[in-house]
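Colleague: Can you look at this prediction? I've put the sequence above it.
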Amino acid sequence: MIKISPSILSADFANLERDIQRISTADYVHVDVMDGLFVPNISIGLPVVESIRPTTSLPLDVHLMIDRPIRYVERFCDAGADIVTIHVEADTEENTLKALGLIHGKGKKAGVVVKPKTPAEAVLPFLKQCDIILVMTVEPGFGGQSFMADMMPKVKAIRGYIDAENPACELEVDGGIGPETAKVAVENGANVLVAGSSVYKAADIPGRIAQLRG
């Protein structure tokens, strides 16, 4: 089944609880955490994750776009994250493996993320420790960007790695996902779709979520 993880980066932050309720037919709530160092933008942090946790029964899918995430992964788990994904580019291989272990130690799901310029094989050292792998189909740091179709060979390659080494692992794509690009991503092996603008700008949000799920 295709899962939909709407990004609250596109929600109305003055009405965040309301906008999280509006995506209640989705599978996950995608939370983009940016530190202004790893990416050139600052978004939300621990207090927001903690405050939105009671507003929904959906799993919180927390994407850490932060430098050296090992410093914070346990705190995001304690704040209410159900899934924590960290960038392979944000630290050493050793620390990334340790961070995945810390997330699992909190009883949560863990995964790695790759930026557009990072090759598919960068996920291989972490594959067996991942519950999910996220492929960015835009440059991380800002919402509303256009889908990078040239990332599809990478998605397909990672799907091959997952099927061979860790079939239970999910494959997520994030960036420029709408009704048409969702189909392309799924055709290339994705089974979790992050969508921000496409969901929150839709006149019928449950209808758009159903459309993206296919």
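Modeller: Yep, it's here.
Colleague: buried sites along the host helix or strand of Val186?
Modeller: Val186 belongs to helix 179-187 when assigned by DSSP states H and E. By neighbour count on 16 or more other C-beta atoms under 10 Å, the buried set for helix 179-187 is 181-182, 184-186. Yep, even glycine has a C-beta here, placed from its N, CA and C like the rest.
Colleague: Assign a three-state SS to the residue nearest to the spatial centre of the chain, would you?
Modeller: In the chain, the C-alpha nearest the mean C-alpha coordinate belongs to His63, at 5.0 Å (C-alpha atoms, centre = their mean). Here His63 is strand, with the state taken from DSSP: H, G, I helix; E, B strand; the rest coil.
Colleague: what's the burial count for Arg68?
Modeller: 16 (other C-beta atoms under 10 Å).
Colleague: Quick check, pLDDT for it.
Modeller: Predicted confidence (pLDDT) for Arg68: 98.
Colleague: Please tell me how far it sits from Ile83.
Modeller: Per C-beta to C-beta, to the nearest Å, Arg68 is found 20 Å from Ile83.
Colleague: ok, now Asn41?
Modeller: Distance of Asn41 to Ile83, computed by C-beta to C-beta: 21 Å.
Colleague: Which strand residues bridge the nearest residue to Ala81 once chain neighbours are set aside?
Modeller: Spatially, and ignoring its direct neighbours in sequence, Ala81 is nearest to Val62 (4.0 Å; C-beta to C-beta, 6 or more residues apart in numbering). When assigned by DSSP bridges, Val62 has beta-bridge partners Val31, Val84.
Colleague: Hmm, Val48 and Val62 touching each other?
Modeller: No: using C-beta atoms under 8 Å, Val62 makes no contact with Val48, being 10.4 Å away.
Colleague: Now do the same contact list for the residue nearest to Asp131 when sequence neighbours are not counted.
Modeller: Using C-beta to C-beta, 6+ apart and skipping residues adjacent in sequence, the residue nearest Asp131 is Lys109, 3.9 Å away. The contact partners of Lys109, taken as C-beta atoms under 8 Å, 6 or more residues apart in numbering, are 82-84, 103, 131-132.
Colleague: With distance to Gly36, neighbour count and pLDDT as extra columns, can I get the residues you listed in a markdown table?
Modeller: Formatted as a markdown table, the contacts of Lys109 follow (distance: C-beta to C-beta, whole Å; neighbours: other C-beta atoms under 10 Å; pLDDT from 0 to 100):
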| residue | distance to Gly36 | neighbour count | pLDDT |
| --- | --- | --- | --- |
| Asp82 | 25 | 16 | 98 |
| Ile83 | 23 | 26 | 99 |
| Val84 | 19 | 30 | 99 |
| Ile103 | 23 | 27 | 98 |
| Asp131 | 28 | 18 | 98 |
| Ile132 | 25 | 24 | 98 |
